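Asks: turn this into a structure:
(one chain, ligands or ions: 1)
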Amino acid sequence: MKMFEIVAKDVMGRIAKLETPHGKVETPALMPVVNPNIEIIPARELKRFGAQIVITNSYIIYRTPELREEALKRGVHGLLGVDIPVMTDSGSYQLMVYGDVEVSNEEILRFQIDIGSDIIVPLDVPTPPDADYDTAKSDLEVTLEREREAVKMDRGKRLLALPIQGSTHADLRRKSAEEVVKLGADLYPIGGVVPLMDTYRFYDLVRIVLEVKSVLPSNAPVHLFGAGHPMVFALAVALGCDLFDSAAYALYAKDGRYLTPYGTKKLEELQYFPCSCPVCLEHTPEEIRRMDEEDRTRLLAEHNLWISFEELKRIKQAIKENNLFEFVECRIRSHPNLLFAWRQIREYRTLLELFDPSMKHSFLYTGIESCYRPAVLRHHERVLNVELPDKEEIVISSDEGHPADFYLRPCFGVVPVEMLESYPAGHAEIPPSELLEDEALKIAVEGLKKFLKHHSERKFVVIVNGKWKKFVKDLPENAVIRNAGEEGWGSENLQN
Ligand SMILES: [Zn+2]
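Replies: Residues are numbered from 1 along each chain as shown. Below you'll find the predicted structure:
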C-alpha cells in the first residue's frame, strides 16, 4: 500500500489517496484551520461541510495550559472532538508574525508526537517575500537543520511534513526542495507564501510552485501552506498542489467578507447571494447584516466553507473529465494577476509535458493560454513523424475547402488529413481564424516552420487564405506561398 496513491491526473493536478494513521484522505483536500481557543465552527462539525482532515496549531495548544493538559491526556483528536486525521502546525506562523517563539524545535516535534498528530511539522523559518538573499539563505539553513533533526526522531507511523522555504529566490526554493527530497519527507509544504496571496502576487506564487515542482518527484504530495482562498484552488491544483489549509473561511467571515471562487465580496455590498449553499438559500444578505456579530460571523464562515469545498469538487470533476485546463483558463479570468501568473506555464512547457495526459476527449480553446497547453507542442512534434505522400509538391492549405495533403489549423499548425478527426487537432473547438487572437496563428506558423525545416529535402506549396496571409511569411526555401484567391487557389504567388 502506497502512502500517496494517484488515481486520476490532468494538467499537473491529480486526485490521490493520502494514507494517514487516522485513515485515507482524498486529495486535493482542504484542511480547515481549527483554533481550539476560538472555534467559530466547532471542529466536530467540519465533516458535514466536506472536511476529511483538519489542521490545528500545536504551538497554541502547547502554550495554553488547560488545552495542553487535555491534549496530552486525550490526544489532539479527543481535544478537538474529531475522528478524522489531524495535521498540526508548529508555531512557524507565530515565528513569522512575532519574530520569536518560546519552544525549541525538538520540544514542539515531541509534543506533536505525544498528542497523536497524524502529520507533524518541524519549526521551520518562514522567510517573507523579497527578503534579501543572505537573510533568506541563512533562514533556510536554520530550517534545514531543524528538518534534519525532525527526520531523526521516532515518529511511528505519523507523517512528516518538511516545509520548503527560500522566499522569492528561485534558486533557494529549488535548493530547499532538493534538500528535503534527500531527507525524505512524507508531505512537502510550500511555505512562506501567504503574504504573496494576501497581496495578489500570484505571478510570484506560480513561479515558486513551478520551481519547486521541477525538483520534487512527481509522486510527492504537495501542500500549499496557508492557501485558503477558493479563487486560487483551480490554478494551484493544476500546478500540482494536493493540500490546502484554510484559516481564510473564519478570518474573512470575522471581517464581513464573503468568499467566492472568483474573488471576495463584502457582505455590506451584497444585494443577492450568488450561491445556493444552505446559508445563502435560507437568508438574504440584509438578514445577515442585521444579525449580531457572532451569528453573522458563524453564518459567513459556514458559507465560506461550503463554497470552498464546492470548488474542490468542481476541480476534481474537471480532473476526471480531463478538462482542467479549460476550467483553470475560466477561473484565471476573474483577476488580471491570475491571468498573467498562469501564462508563465509557457516557460515551463517541458515540465507540464511530463505530467499532462496525452490522450483526452476534447480541446476547447478559451484564449491565448490554450495555445500553451502541452497538447499543442506535442502535436507540433508528433506531426514531424508523419509520412509524406510520394509526390513532387506537397500541398498544405489553410482553407479546408480545397484539396490538400495537410491543412493548417490555429495553434496546431500542420495537420495531416488522417488526423483531422482525432485528438487533439481534430477534436479542437477553436473560433474561426478570422476572429481569433493573433497568438493562435503565430504558434501554428511556428509549428509549420518546424515541419518545413524537418523536411528540408522536399518541396511544399503553402496555400493561405484570409488572416493567415498576414502570418505565413518568411518560410524556409523549400516552400512556396500561394494565395487562395477568389478565382481559385494557386493563381497568385506571394513570394514573387
Ligand atoms: Zn453560500
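Asks: and the helix ranked longest in the chain, how far out from the chain middle?
Replies: Using DSSP state H, we find that the single longest helix of the chain is helix 293-321. Averaging C-alpha positions (Cα atoms, centre = their mean, to the nearest Å) puts helix 293-321 17 Å from its chain's average.
Asks: what ranges does the stretch 201-350 of the chain have for its helices?
Replies: 202-213, 233-238, 248-254, 278-282, 285-290, 293-321, 324-331, 336-342, 349-355 (DSSP state H, counting those that start in this stretch).
Asks: TSV please, covering the ones you listed and showing mean neighbour count.
Replies: No exception for glycine: its C-beta is placed from N, CA and C like everyone else's. TSV is the format used below for these (neighbours: other Cβ atoms under 10 Å):
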stretch	mean neighbour count
helix 202-213	23
helix 233-238	27
helix 248-254	22
helix 278-282	15
helix 285-290	14
helix 293-321	19
helix 324-331	23
helix 336-342	18
helix 349-355	16
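Asks: can you list the low-confidence ranges for the stretch 351-496 of the chain?
Replies: Low-confidence segments of the stretch 351-496 of the chain (pLDDT under 70): 485-496.
Asks: so which bits of it are right by the ion?
Replies: Contacts of the stretch 351-496 of the chain with the ion, taken as Cβ under 5 Å from the ion, are absent.
Asks: where does the stretch 351-496 of the chain get nearest to the ion, residue-wise?
Replies: residue 366 (26.3 Å; Cβ to the ion).
Asks: please report the distance of the nearest residue to that residue once chain neighbours are set aside from residue 345.
Replies: Closest residue in space to residue 366, ignoring its immediate chain neighbours: residue 329 at 4.3 Å, by Cβ to Cβ, 6 or more residues apart in numbering. According to Cβ to Cβ, to the nearest Å, residue 329 and residue 345 sit 11 Å apart.
Asks: common neighbours of the two, please.
Replies: Residues touching both residue 329 and residue 345 (Cβ atoms under 8 Å, 6 or more residues apart in numbering) are residue 369.
Asks: who in this protein is up against the ion?
Replies: 275, 277, 279, 280, 303.
Asks: would you list these in TSV and tack on pLDDT?
Replies: As requested, the residues of the chain next to the ion are exported to TSV (pLDDT from 0 to 100):
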residue	pLDDT
275	97
277	98
279	98
280	98
303	98
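Asks: shaky segments in the stretch 101-250 of the chain?
Replies: In the stretch 101-250 of the chain (pLDDT under 70), no residue qualifies.
Asks: now find how far off-centre stretch 196-214 is within its chain.
Replies: For stretch 196-214, the distance to the chain centre is 10 Å (Cα atoms, centre = their mean).
Asks: alpha carbons of stretch 462-479, as PDB, please.
Replies: Extracted C-alpha coordinates of stretch 462-479, given in PDB (Å, rounded to 0.1, in the frame of the first residue of the first chain):
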ATOM      1  CA  VAL A 462       1.500  26.500 -48.800                       C
ATOM      2  CA  ILE A 463      -1.900  27.900 -49.700                       C
ATOM      3  CA  VAL A 464      -3.200  30.600 -47.400                       C
ATOM      4  CA  ASN A 465      -6.400  32.500 -47.100                       C
ATOM      5  CA  GLY A 466      -7.800  35.300 -45.000                       C
ATOM      6  CA  LYS A 467      -5.900  36.300 -41.900                       C
ATOM      7  CA  TRP A 468      -3.300  33.500 -42.400                       C
ATOM      8  CA  LYS A 469      -1.800  35.700 -45.200                       C
ATOM      9  CA  LYS A 470      -0.500  38.100 -42.500                       C
ATOM     10  CA  PHE A 471       1.300  35.400 -40.500                       C
ATOM     11  CA  VAL A 472       2.600  32.900 -43.100                       C
ATOM     12  CA  LYS A 473       5.700  34.700 -44.100                       C
ATOM     13  CA  ASP A 474       9.500  34.100 -44.300                       C
ATOM     14  CA  LEU A 475       9.100  30.300 -44.700                       C
ATOM     15  CA  PRO A 476      12.100  28.100 -45.400                       C
ATOM     16  CA  GLU A 477      13.200  28.000 -49.000                       C
ATOM     17  CA  ASN A 478      11.600  24.600 -49.700                       C
ATOM     18  CA  ALA A 479       8.100  26.200 -49.500                       C
END
